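1. What follows is a predicted protein model with its sequence.
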Amino acid sequence: MSPARWPRSHGRDEGERLLRRWRRRGLAPAALPAPCRGHLPAGRLLGAVPIDGAGESWAVAMASGLIIVSADALVADHPWDSIDKGSWDAGARAFTLTLSGAPERRLALTVPARIEQGGAVRPVAVDRFARALRQRVEASLVHLVTRILPSGAQARIAIRRDADGGLHAVASPEPASAATAEDRAELEALLREACDSVGLDTR
């Protein structure tokens, strides 16, 4: 996985210090609402942030994957091995995630600095969510191979581990969508090489 620009704490307990500072000022941070929690699958919740100004939609990092949920429904469920890479734009307060598959898809999550909740304006902390996001995406990556194709395009083969421990390969671009026959042949060879390196059946 390419290095992602996630938010970084200045120290191990920076997030906790911020929470204590807010609480001393009477500013309890925004929390995932109970109606949203009711639509989550069973499992450990690692972090959550609102992704709209009204605080009605939330992105939730769980042990199994990234969940997008609202008060009305579970909107999307992205297993960690389906997220190829990500970045954080601190100025825009936005995560941009690249989802594997053809065609390549991007998921943008814009996090407000504060939302109104429980009759008060509450600050939104991103550290816990960002840490879980980074750790889980990186943990799913087992092996990575990159190469420049004959056309000059960059190829990337990632071997990822799913929630059940199974391995699978993610090619970008996929051989079927290669720009030229030479690129396709190179991609297929690169895919075999990556799979062979971890003992994955190329079938």
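-> Perfect, thanks for sending it. Numbers count the residues shown, from 1 in each chain.
2. In the chain, mark out all the strands, start to finish.
-> 45-50, 57-62, 65-70, 74-79, 83-89, 94-99, 105-110, 114-117, 120-123, 141-148, 154-161, 167-172 (DSSP state E).
3. what pairs with the second one, and is each one parallel or antiparallel?
-> Here strand 57-62 is paired, per DSSP bridges, with strand 45-50 (antiparallel), strand 65-70 (antiparallel).
4. repeat for the last one
-> According to DSSP bridges, strand 167-172 forms sheet pairs with strand 154-161 (antiparallel).
5. And the contacts of the partner strand?
-> Strand 154-161 is touched from outside by 1, 81, 84, 100, 139-149, 167-173, 183, 186-187, 190-191, 193-195, 197-198, 200, with contacts defined as C-beta atoms under 8 Å, 6 or more residues apart in numbering. No exception for glycine: its C-beta is placed from N, CA and C like everyone else's.
6. now the angle between strand 141-148 and the longest helix anywhere in the chain, please.
-> Ranked by residue count under DSSP state H, the longest helix found in the chain is helix 181-197. In terms of direction (axes from the mean of the first three to the mean of the last three C-alpha atoms, to 10 degrees), helix 181-197 departs from strand 141-148 by 150 degrees.
7. helices or strands up against helix 181-197?
-> strand 141-148, strand 154-161, strand 167-172 (3 or more C-beta pairs under 8 Å, 6 or more residues apart in numbering; DSSP states H and E).
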